[in-house]
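# Return a 3D structure for these sequence lines:
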Amino acid sequence: MDQVRLPIEKIEYFIQHESFVVLVVALLFGWIFYKLFLKRISEKRHTTLRRRFMKTGLYLVLAIVLALLHWGLIQATWTDYFTVKVANYIGLVSFLILVTVLIRCAQIYVYLYLFLANMSQGVPRLIANLFTLLFSTFVVSWIAADVFGFNLATVLATSAIFTIVLGLALQDTLGNLFSGVALQIERPFQLGDWVEVHNSDDKWVGQIQEITWRATSLLGFGDELIVIPNKTIAQSQLLIFSDRNKPARFSQAFRFRFDVDILKAKAAILEGIKAVPEILEDPEPRVLVLEVTESWVSMKVFYSVTDYGRKYRVGDLVVSNVLESIKRKRLTLATPVLSLFREEEDHD
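Residues are numbered from 1 along each chain as shown. Sure, this is the predicted structure:
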């Protein structure tokens with residue numbers, strides 16, 4: 001007798017040809033939908049969907065082959081006890097792979113919906129992963145109770161203490177998870193946005209690349225990958241620079257000699273600014289006098305750009321072009337002035 005009795009009748013009910021036909025049709029329908037309506041998505045998204053379709057298709061083929069092998073062994077005229085036992089375990093593996101294909105198909109449809117609804121915007125993996133977790137939990141619970149006959153109420157009752165211990169051990173992980181979910185609900189930023197994260201004395205600047213269970217990934221100006229826990233993100237002050245909001249506003253100061261012609265200096269700065277193609281004309285650049293002392297006049301130019309990631313490149317062009325414009329107009333920047341006083345002793 002088997003030490004472990006498989007509910008083979010229930011398993012065989014699910015590895016009939018009807019189940020495989022439904023999954024094949026669902027996979028083909030998803031592929032046709034992808035080809036018809038998602039032509040304009042990014043190459044990265046194309047790669048993601050193709051890989052998922054390919055892997056899911058391979059799993060489905062494997063499940064079909066194992067199911068055919070199971071039925072072939074069961075219906076063979078020379079079957080014995082050992083052959084039936086092997087066939088039953090092959091049927092079990094086919095059934096488990098079939099369940100995996102079902103979950104992966106559902107996940108593919110989630111990606112199709114998210115990519116269609118956010119054609120030009122980033123889609124964090126956290127949303128798809130959360131759906132996969134919830135759907136997998138539902139399917140596995142149903143299979144455990146209906147197919148294998150587990151009493152889930154008893155299992156949950158006896159595991160209460162274990163759940164408490166596990167929750168305490170995973171406190172930080174769960175904090176990051178729920179913070180990530182909160183970020184997805186509030187959606188203060190999206191993939192592709194530039195953010196400055198200020199937390200106490202720490203500061204991180206980068207472009208949002210991904211939001212996962214544990215952390216948010218930024219790509220810095222030097223192409224370095226910055227991984228910040230979601231809990232830290234939720235507790236930090238955020239400065240968000242997004243194309244959907246107002247363009248990013250920057251400034252650069254210049255200090256002229258006290259006797260400078262202010263109108264001529266402002267014209268020189270604006271002339272240099274207009275030579276930078278990345279700077280927007282609306283809102284237009286402005287030059288303001290900020291400070292006047294006995295030695296210099298300080299002016300600052302304010303300008304706007306759409307792409308925060310080009311901050312340093314645009315800043316370099318601004319300084320270079322304005323300095324060239326100042327030279328052409330024969331203006332002079334202020335230089336540090338050091339005054340020395342000599343005290344002579346009184347010999348009387």
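# Check which helices and strands the helix or strand hosting residue 13 sits against.
Using DSSP states H and E, residue 13 falls within helix 8-14. Helices and strands touching helix 8-14, by 3 or more C-beta pairs under 8 Å, 6 or more residues apart in numbering; DSSP states H and E, are helix 81-117. C-beta: built from backbone N, CA, C; applies to glycine.
# average pLDDT for the helix it packs on?
Helix 81-117 shows a mean pLDDT of 92 in the predicted model.
# so after it, what's the next helix or strand?
helix 125-146.
# Now that following helix - C-alpha only, CSV.
As requested, the backbone C-alpha atoms of helix 125-146 are provided in CSV (Å, rounded to 0.1, in the frame of the first residue of the first chain):
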residue,chain,number,x,y,z
ARG,A,125,6.6,45.2,-10.9
LEU,A,126,5.1,45.5,-7.4
ILE,A,127,1.6,45.7,-8.8
ALA,A,128,1.9,42.6,-10.9
ASN,A,129,3.7,40.8,-8.1
LEU,A,130,1.0,41.7,-5.6
PHE,A,131,-1.7,40.3,-7.9
THR,A,132,0.4,37.1,-8.5
LEU,A,133,0.7,36.6,-4.7
LEU,A,134,-3.0,37.1,-4.0
PHE,A,135,-4.1,34.9,-7.0
SER,A,136,-1.6,32.2,-6.1
THR,A,137,-2.7,32.2,-2.5
PHE,A,138,-6.3,31.8,-3.6
VAL,A,139,-5.5,29.0,-6.1
VAL,A,140,-3.2,27.1,-3.7
SER,A,141,-5.7,27.4,-0.9
TRP,A,142,-8.5,26.1,-3.1
ILE,A,143,-6.4,23.2,-4.4
ALA,A,144,-5.2,22.3,-0.8
ALA,A,145,-8.8,22.2,0.4
ASP,A,146,-10.7,20.8,-2.5
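# Please point out which parts of that helix sit buried.
125-132, 136, 143 (16 or more other C-beta atoms under 10 Å).
# likewise stretch 63-83?
Buried residues in stretch 63-83, counting neighbours by 16+ other C-beta under 10 Å, are found at 63-64, 66-67, 69-71, 73-74.
# Equivalent analysis for stretch 88-103, please.
88, 90-92, 94-95, 97-103.
# Quote the end-to-end distance of stretch 7-23.
23 Å (C-alpha to C-alpha, to the nearest Å).
# Show me the contact partners of it.
By C-beta atoms under 8 Å, 6 or more residues apart in numbering, the residues outside stretch 7-23 that reach it are 60, 63-64, 67, 70, 88, 91-92, 94-95, 98, 101-102, 105, 146-149.
# Break down the stretch 151-300 of the chain into its helices, ranges please.
Using DSSP state H, counting those that start in this stretch, the helices assigned to the stretch 151-300 of the chain run over residues 152-158, 160-169, 171-186, 230-234, 262-274.
# Dump the buried residues of helix 125-146 into TSV; add distance to residue 84 and pLDDT as well.
Output for the buried residues of helix 125-146, formatted as TSV (distance: C-beta to C-beta, whole Å; pLDDT from 0 to 100):
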residue	distance to residue 84	pLDDT
125	43	71
126	45	72
127	45	76
128	41	79
129	40	79
130	42	81
131	39	86
132	35	86
136	31	91
143	23	90
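# and of these, the nearest to residue 216?
Checking those against residue 216 by C-beta to C-beta gives residue 126 as the nearest, at 9.5 Å.
# Surely that closest one touches residue 180?
Yes. Using C-beta atoms under 8 Å, residue 126 makes contact with residue 180 at a distance of 5.3 Å.
# Mind listing the shared neighbours of the two?
211-213.
# Compare those and tell me which has the most neighbours.
Of all the shared contacts of residue 126 and residue 180, the highest neighbour tally under other C-beta atoms under 10 Å goes to residue 211, namely 25 neighbours.
# Next up, the contacts around that residue.
124-126, 180, 183-184, 191, 217, 230.
# and of the buried residues of stretch 88-103, the nearest to residue 39?
Looking across the buried residues of stretch 88-103 and measuring by C-beta to C-beta, the closest to residue 39 is residue 101, at 25.9 Å.
# quick one: that closest one from residue 6, how far?
Plainly put, residue 101 is 20 Å away from residue 6 if you go by C-beta to C-beta, to the nearest Å.
# Do I have it right that residue 305 meets residue 246?
No. Contact criterion C-beta under 8 Å: residue 305 and residue 246 do not qualify, at 11.3 Å.
# picking up where we left off before, tabulate the buried residues of stretch 88-103 in a markdown table, adding columns for distance to residue 35.
Below are these laid out as a markdown table (distance: C-beta to C-beta, whole Å):
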| residue | distance to residue 35 |
| --- | --- |
| 88 | 40 |
| 90 | 35 |
| 91 | 34 |
| 92 | 35 |
| 94 | 29 |
| 95 | 31 |
| 97 | 26 |
| 98 | 25 |
| 99 | 27 |
| 100 | 24 |
| 101 | 20 |
| 102 | 22 |
| 103 | 23 |
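# ok, the residues you listed vs residue 41, which is closest?
The closest of the buried residues of stretch 88-103 to residue 41 turns out to be residue 103 (C-beta to C-beta; 22.9 Å).
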